[in-house]
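[1] Turn this into a model:
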Amino acid sequence: MKAKASLSIIALLAAAEASLCLGAAPIGPGQLVEAILSGPVTTAGRIFWYVRLPRTAACLLAGAALSGAGCVIQNVLANPLASPNIIGVNAGAGLAVTVCCALGALSGWTLAAAAFGGAFLAVLAVSAAARAVGASRTTVILAGVAVNATLGAVSDTVTSLFPDAAMLGSDFRVGGFGAVVSARLIPAGALILLALTAVLFMSNELEVLSLGEDTARSLGMNAARMRTVFLALAAVLCGGAVSFAGLLGFVGLIVPHAVRRFAGSECRKLLPLCALWGAAFVTVCDLAARLVFRPRELPVGILLSALGGPFFLYILSKRGGRSDA
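    Alright, predicted model coming up:
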C-alpha cells in the first residue's frame, strides 16, 4: 500500500507541476520558484498567481471530488457502472447552478450550496426510484438516465425563459476550467476538502455498507441512515466540482475502475487512491486540452467524454455475460 500511495503522490505532483509550467506562455522551473517566492511582480509571476495556480487547483479539486464521489456512489448503490454524470447527480447540481444564475445569485457560497442541494436531490431520486422497482443494477442506470434527461430538459427550459442564465454557455455544459475564478473556487474547494476528509474517515463504514443493507444491519449499523449520509457526502463532492468546473463527465467512472485494477476493492485503500489519481487524471487531461490544439483551447469536458464513452461501452461489454441483479 505504501508503494502504491507513493507512486500516486508522485504522479499527482508531476501532473500539478506540468500544469503550472506548461501552456501558451511556458514558465521554466526557475521562473516558477521565483514566482512562488516573489509574488505577482513579474510577467511569469502574474501568469502563475492569476491563471495557472487557480486553474491547477481547480483541476486537482474537481478530479479528486468527482472520482471520490464515483467511488462512494458505486459502493452505496452496489453498482460499478454508476457515476455522477451517468445517474444524473451532475445534472442536478447543474440545474441548481442554472437557477441561481437566472435569479442573479452568483456568490461562490450560494452556488456551492445550491449545487449540493441539486446533486443531493438527484441522487436521492435515483436511489428511491431504483429501490421502488427492485434496485437491480440495470434499474439504477435506467433510473439515472431518466433523471438525467428530465433535469437536462428543465435546465434548458430555464435558460430559454431566462436568457441571462445562458451566461453559463457551452463551457459550463461541456465542462472546463478556462473561466475559473477564486470567488467560486474557494467556497467549493472548502466543501470538497471537508467532504473528502469525512469520507476517508468513514471508509470502514462504507466498506460495511457495500456488503449490502441486510449484512450491515446484522452488524449493528443503521444502514438507511448511513446510506443517506454517504449520498449526501457524494452530493457535496459533485456539487462543489460542478459549481466551478461545469458538467464534467466520466471521471467518477474511469478512475475508480482503473484504480481497482491495482488497489483492489477495499474502501480504506480505494478511496484515497481514487482521490489522488482522479486529481492527477483531470489535471493531465486539462493540460492536454490546452496544448494539443494550441493556440486554441479545447474544453476538457470534450476530451473526458471522448475517453469516457468508449470506456463505458468497454465495461458494458466485459460485464455482458453477468447477471444484473
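
[2] Find the nearest non-adjacent residue to the residue nearest to the spatial centre of the chain, please.
    The centroid of the chain falls nearest to Leu66 when counting by C-alpha atoms, centre = their mean (1.9 Å). Among residues not flanking Leu66 along the chain, Val251 sits closest, at 4.0 Å (C-beta to C-beta, 6 or more residues apart in numbering). The C-beta positions use only the backbone N, C-alpha and C, and glycine is treated the same way.

[3] OK, contacts around that neighbour?
    Contact analysis of Val251 by C-beta atoms under 8 Å, 6 or more residues apart in numbering lists Ala62, Gly63, Leu66, Ser67, Gly70, Ser83, Gly278, Phe281, Val282, Leu304, Gly308.

[4] gap between the first one and Leu304?
    Which is Ala62. For Ala62, the distance to Leu304 equals 10 Å [C-beta to C-beta, to the nearest Å].

[5] Could you do the third one as well?
    Summarising the geometry, the distance separating Leu66 from Leu304, computed by C-beta to C-beta, is 10 Å.

[6] joint contacts of these two?
    Leu248, Val251, Val282.

[7] With respect to Ala224, which of these is nearest?
    Nearest to Ala224 among the shared contacts of Leu66 and Leu304 is Val251, at 28.3 Å by C-beta to C-beta.

[8] Look up how far Glu34 lies from the closest one.
    33 Å.

[9] Please apply the same query to Leu106.
    35 Å.

[10] Looking at those two, which is more packed in?
    Neighbour tally, Leu106 and Glu34, criterion other C-beta atoms under 10 Å: the higher count belongs to Glu34, 17 against 13.

[11] SS state for the more buried one?
    Classification of Glu34 by DSSP: H, G, I helix; E, B strand; the rest coil places it in helix.

[12] I'd say it and Thr43 touch.
    No. The pair Glu34 / Thr43 is not scored as a contact, 11.2 Å apart, by C-beta atoms under 8 Å.

[13] Heading C-terminal from the helix or strand bottoming out on mean pLDDT in the chain, find the next helix or strand.
    Within the chain, confidence by mean pLDDT, DSSP states H and E is lowest for helix 169-174 among all helices and strands, at a mean of 68. Using DSSP states H and E, the helix or strand that follows helix 169-174 in sequence is helix 182-201.

[14] Of all the residues in the next helix or strand after that following helix, which ones are buried?
    Downstream of helix 182-201, the first helix or strand assigned by DSSP H and E is helix 203-209. The neighbour-count check on helix 203-209 (16 or more other C-beta atoms under 10 Å) flags Ser203, Glu205, Leu206, Glu207, Val208, Leu209 as buried.

[15] contacts for the helix or strand just after helix 203-209?
    Toward the C-terminal end, the helix or strand that comes next after helix 203-209 (DSSP H and E) is helix 213-218. Defining contact as C-beta under 8 Å, 6+ apart, one finds that helix 213-218 is touched by Val208, Leu209, Ala223, Ala224, Met226, Arg227.

[16] contacting residues around the nearest residue to the last one once chain neighbours are set aside?
    The one in question is Arg227. Of all residues not flanking Arg227 in the chain, Val76 sits nearest, at 5.8 Å (C-beta to C-beta, 6+ apart). Residues in contact with Val76, defined by C-beta under 8 Å, 6+ apart, are Ser127, Leu206, Leu209, Ser210, Arg227, Phe230, Leu231, Ala234.

[17] cutoff 7 Å now
    Leu209, Arg227, Phe230, Leu231 (C-beta atoms under 7 Å, 6 or more residues apart in numbering).

[18] With Gly239 instead?
    Contacts of Gly239 (C-beta under 7 Å, 6+ apart): Ala93, Ala112, Ala115, Phe116, Gly118, Ala119.

[19] how does it look with 10 Å?
    65, 69, 84, 89-90, 92-94, 96-97, 111-120, 122, 188, 191-192, 195 (C-beta atoms under 10 Å, 6 or more residues apart in numbering).

[20] For it, identify the helix or strand it belongs to.
    Per DSSP H and E: helix 223-245 holds Gly239.

[21] quick one: the helix or strand just after that helix to chain centroid distance?
    The helix or strand immediately downstream of helix 223-245 is helix 251-263, counting by DSSP H and E. Put simply, helix 251-263 sits 13 Å off its chain's centre (C-alpha atoms, centre = their mean, to the nearest Å).

[22] Which strand or helix spans the residue nearest to the centre of the chain?
    helix 53-76.

[23] what comes up buried for that helix?
    Result for helix 53-76 [16+ other C-beta under 10 Å]: buried residues 53-76.

[24] just to revisit the earlier point, show me which of the shared contacts of Leu66 and Leu304 is closest to Ala179.
    Closest to Ala179, out of all of those and judged by C-beta to C-beta, is Leu248, at 13.8 Å.

[25] Nearest residue to that closest one in space, ignoring adjacent ones along the chain?
    Gly175 (3.7 Å).

[26] how about the one you found, phi and psi?
    Dihedral pair for Gly175: phi 100, psi 130, per degrees, to the nearest 10.

[27] from what I can see it touches Gly308, true?
    No. In this structure, Gly175 is not within contact of Gly308 by C-beta atoms under 10 Å, at 11.1 Å.
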